[in-house]
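Asks: Show me how the following folds:
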Amino acid sequence: MEKISVAVRFRPSTSDPLPSDRQWHLDDNRISLHRPLGTPNPTSSSPSFSFDHVFDHSTTNSSVHQVLTSPIILAAVDGFNGTVFAYGQTSSGKTYTMNGSGSDPGIIQLAVRDVFEMIQMVTEREFLIRVSYMEIYNEEINDLLVLGNQKLPIHESLERGVYVAGLREEIVNNTDQVLELIKLGETNRHFGETNMNARSSRSHTIFRMVIESSVKNTTSSGDVSDTDAIRVSVLNLVDLAGSERIAKTGAGGVRLKEGKHINKSLMVLGNVINKLSEGKQRAHIPYRDSKLTRILQPALGGNAKTSIICTVAPEEVHVEETKGTLQFASRAKRITNCAQVNEVLTDAALLRRQKLEIEELRKKLQGSHSEVLEQVILKQRNDMLKSEMERDKLATQLEEERKARETLENHIKEQQKKIENLNDLSFSSGQTQNSCQVDSGEISKHVFNGNNGVQLDVFKTPNFKSMPNNFVMKRSVYSSAIESSPIPDSFDSIADEDMWLRLNKGLTTDLDTLDMTPFRNNQFLSQDASLEHALEETSTEETSSQEADCSLHKQELEASKEICAKLENECKLLREQNASLVQTLSMSKENVELLTAEKEELLKNLNIEKQKLKDLKDEIRQFSLAFAQREGLLTSLYSKSKAMVENLKSCRAPIPEILEC
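Replies: The predicted structure follows:
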């Protein structure tokens, strides 16, 4: 935090010295108004003023620049924003102080030369300079470097702050190039003639230099902390138009309109200075009331180093204007700014700077209590690492739980599909078993069929699946007839070999009922027995395979039942949670209803109170009307009584005691 630097400069007197009642006395940095013999005037009418610098009429522009503005130029090259402006009444020497003459250059020219000289002295940085020149004429911003750029708007952004949109900026390399641009701008500036000045400034001008710099890459190690940092500073050199009185300037027409706009903007500048000098926190500062104060907002109570040169006239005829200028300077002297280096840092520059700061802190910690501090730092670092590991662990656990949940859901879906498939298989297996039993019975009953010979039926594979036709084979039909009687359907009344043996041994039977003994082919009987044995083995194997499949299906059913039980428990828990949520929601709804009822009741009470207040206002209004009427009656009665008293006094008659009371 630093205060604004304020200086006062007296110009030489333009008239012959005449005897006067008052004159200004300069004592170092103090100014006071004295009588001709050196006797100060009373304090109430002419207080004394103290400033940072006071320059008399013999001081040159180079001396003023060396004392007041040279430090600001140096700070601007180092990255600080800077502003210098001249303030005072018309014809007090503001334009001469800022622009100078051929023999005595002004502050703007001297500042430009200093900027380039200082840049050449700074070898470790490289610079880029841009200049612009604008004027504020009748509260409109015009570009002095381009004739077509007029009535430019003011914008504001986080990156650039307050700036004038559309203003032309020229990149310059030397002093002569800048001075040529200044001459071009001066030819486009508005001047006029008044009774107080032959060439009076009719607008405020702002000459702006934007200075950008960055560190040269002289080393490859990258140890410099701000290698990628770019400093951007703004230097404003302002020449204000002077405040004027119409009685003294004799302005009229266009000059009168110009003077009104000048006085308005200077009045707003004075109000801003007055608000800032009070130092009140959160007070409204009327920067937006004028374009001049809006552009100079960073310089007034902001991020800039600021110097103000207040020029005054020594003549007695201008004593009141000089007092106003000195009071303005006194208020401005109490303003404090917070200037700082303006840097634009890249990520690489930030990392380098942080590394250097860490190294510096470590070096400082190597002194007293370094071991304890190192342990504290290590402990904090370990705690931080642990917390990060725990956070990562929790994140992985959450991810695993999410994946497990998805896997469980997929498994549940698969189990449900399996259960449905098992139900379908159990139903189909029952049907296939029944069909197999029927087929085996029919095969056992109808193995042989034929009239004149033995003919075998088509053997079907006793399986659940129907075999293709190419796997079904037929036995060849015996073409030759067997020399025996055909096999009857029933063997009850047929005598076999055993029966003949027993008859030969003396068995008695009814021979009439016996048929002829059939011719039996042992080979055929052996084939029949092998066929029956194969059928029995096939049915046994199929039964065992079906039993194994059923046992597997039973195990799967039991596992699916367990999973279903778990799922039912989870569903039960979810139902309980849902019930609790529903209960909480119902309670919240009840609370909302209660709050709504209370709100309605409060609104009713508020309406009742409003109605009472309205009635009370009506009563007060009626009472005030009645009081006004009563007061009017009393006033008329008093005037009548006063007139009667005057009449009585004029008649010189004795006044009654009642009237005297």
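
Asks: now for the helix ranked longest in the chain, which elements pack on it?
Replies: Across the chain, the longest stretch assigned as helix under DSSP state H is helix 522-651. Helix 522-651 sits against helix 370-445, helix 657-660, with contacts defined as 3 or more CB pairs under 8 Å, 6 or more residues apart in numbering; DSSP states H and E. Glycine gets a C-beta too; all of them are placed from N, C-alpha and C.

Asks: among the ones you listed, which gets the worst mean confidence?
Replies: The minimum mean pLDDT among the helices and strands packed on helix 522-651 belongs to helix 657-660 (a mean of 43).

Asks: Quickly find the element holding I136.
Replies: Secondary structure from DSSP states H and E places I136 in strand 125-137.

Asks: Enumerate the positions of the helix or strand immediately after that strand in the chain that are buried.
Replies: Following strand 125-137 in sequence order, the next helix or strand is strand 140-143 (DSSP H and E). Buried residues in strand 140-143, defined by neighbour count with 16 or more other CB atoms under 10 Å: I141, N142, D143.

Asks: residues in contact with strand 140-143?
Replies: In this structure, residues lying in contact with strand 140-143 by CB atoms under 8 Å, 6 or more residues apart in numbering are 132-136, 149-154, 164, 166-168, 188, 203, 291.

Asks: Where does pLDDT dip in the stretch 101-250 of the chain?
Replies: Where the stretch 101-250 of the chain drops to pLDDT under 70, the residues are 195-198, 217-228, 247-250.

Asks: how does it look with 90?
Replies: Residues of the stretch 101-250 of the chain meeting the criterion pLDDT under 90: 101-104, 122-125, 138-139, 146-151, 156-163, 166, 186-203, 214-232, 241-250.

Asks: Show me where it has its strands.
Replies: 125-137, 140-143, 154-157, 161-164, 170-172, 191-192, 200-201, 204-215, 230-239 (DSSP state E, counting those that start in this stretch).

Asks: For H34, find the nearest of those.
Replies: In terms of CB to CB, the element of those nearest to H34 is strand 200-201, at 30.3 Å.

Asks: what helices or strands is the closest one leaning on?
Replies: strand 191-192.

Asks: which residues are in contact with the strand it packs on?
Replies: R199, S200, S201, R202, V254, R255, E258.

Asks: Between those, which sits nearest E278?
Replies: Distances from E278 to those, taken by CB to CB, are shortest for S201, at 30.2 Å.

Asks: How about the closest one, nearest residue that isn't a chain neighbour?
Replies: A241 (4.6 Å; CB to CB, 6 or more residues apart in numbering).

Asks: list the contacts for that neighbour?
Replies: T90, S200, S201, R202, S203, H204, I262, L266.

Asks: wait, isn't the fifth one in contact with M134?
Replies: So the one you mean is S203. No: counting by CB atoms under 8 Å, S203 does not reach M134; the two are 9.6 Å apart.

Asks: which residue ranges form the helices in the stretch 1-150 of the chain?
Replies: Ranges of helices within the stretch 1-150 of the chain are 61-64, 70-77, 94-99, 107-121, based on DSSP state H, counting those that start in this stretch.

Asks: TSV please, covering these and showing mean neighbour count and distance to V8.
Replies: Formatted as TSV, the helices of the stretch 1-150 of the chain follow (neighbours: other CB atoms under 10 Å; distance: least, CB to CB, whole Å):
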stretch	mean neighbour count	distance to V8
helix 61-64	18	11
helix 70-77	20	18
helix 94-99	23	11
helix 107-121	19	15
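
Asks: Could you export these as a markdown table, including distance to R402?
Replies: A markdown table is the format used below for the helices of the stretch 1-150 of the chain (distance: least, CB to CB, whole Å):
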| stretch | distance to R402 |
| --- | --- |
| helix 61-64 | 76 |
| helix 70-77 | 59 |
| helix 94-99 | 72 |
| helix 107-121 | 62 |
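
Asks: Can you show me the CA trace of stretch 1-9 as CSV?
Replies: The C-alpha coordinates for stretch 1-9 follow below in CSV (Å, rounded to 0.1, in the frame of the first residue of the first chain):
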residue,chain,number,x,y,z
MET,A,1,0.0,0.0,0.0
GLU,A,2,1.4,3.4,-0.9
LYS,A,3,-0.1,6.9,-1.2
ILE,A,4,-0.5,8.8,-4.5
SER,A,5,2.4,11.2,-5.1
VAL,A,6,1.1,14.8,-5.4
ALA,A,7,3.0,17.8,-6.6
VAL,A,8,2.1,21.5,-7.2
ARG,A,9,3.6,23.6,-9.8
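
Asks: what's the closest non-adjacent residue to F85?
Replies: V238 (3.3 Å).

Asks: Enumerate every residue touching the one you found.
Replies: T83, V84, F85, A86, M98, H204, T205, I206, F207, L296.

Asks: What sits closest to the fifth one if chain neighbours are left out?
Replies: Pointing back at M98 there. The nearest residue in space to M98 (CB to CB, 6+ apart) is D239, at 4.2 Å.

Asks: Tell me if I'm right that the one you found and T205 touch.
Replies: Yes: if you go by CB under 8 Å, D239 and T205 touch, sitting 4.8 Å apart.

Asks: From the buried residues of strand 140-143, pick the one nearest L552.
Replies: I141 (93.1 Å).

Asks: and the gap between the nearest residue to that closest one once chain neighbours are set aside and D143?
Replies: Distance criterion CB to CB, 6+ apart; nearest residue to I141, sequence neighbours excluded, is L152 at 4.4 Å. L152 is 6 Å from D143, where distance means CB to CB, to the nearest Å.

Asks: Touching both of these two, which residues are there?
Replies: Joint contacts of L152 and D143 (CB under 8 Å, 6+ apart) are M134, G166, L167.

Asks: could those residues go into TSV alongside neighbour count and distance to Q397?
Replies: Putting these into TSV (neighbours: other CB atoms under 10 Å; distance: CB to CB, whole Å) gives the following:
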residue	neighbour count	distance to Q397
M134	23	64
G166	14	59
L167	19	60
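
Asks: coming back round to it: most widely separated two among the contacts of A241?
Replies: Farthest apart among the contacts of A241 by CB to CB are S200 and L266. That separation is 14.2 Å.

Asks: which residues touch V178?
Replies: V112, V131, V172, M209.

Asks: try F328
Replies: Here F328 is in contact with Y87, G270, I273, C310 (criterion: CB under 8 Å, 6+ apart).

Asks: so where does it fall, helix or strand?
Replies: helix 319-332.

Asks: Could you pull out the buried residues of that helix?
Replies: Those would be V319, E321, T322, K323, T325, L326, F328, A329, S330, R331, A332, for helix 319-332 by 16+ other CB under 10 Å.

Asks: do stretch 150-164 as well
Replies: Buried residues in stretch 150-164 (16+ other CB under 10 Å): L152, Y163, V164.

Asks: Pop the domain breakdown of this structure in here.
Replies: The chain breaks down into these domains under automatic domain parsing: 2-217+228-345, 384-565.

Asks: Distance from the chain centre to the longest helix of the chain, please.
Replies: Centroid displacement of helix 522-651 relative to its chain, using CA atoms, centre = their mean, to the nearest Å, is 32 Å.
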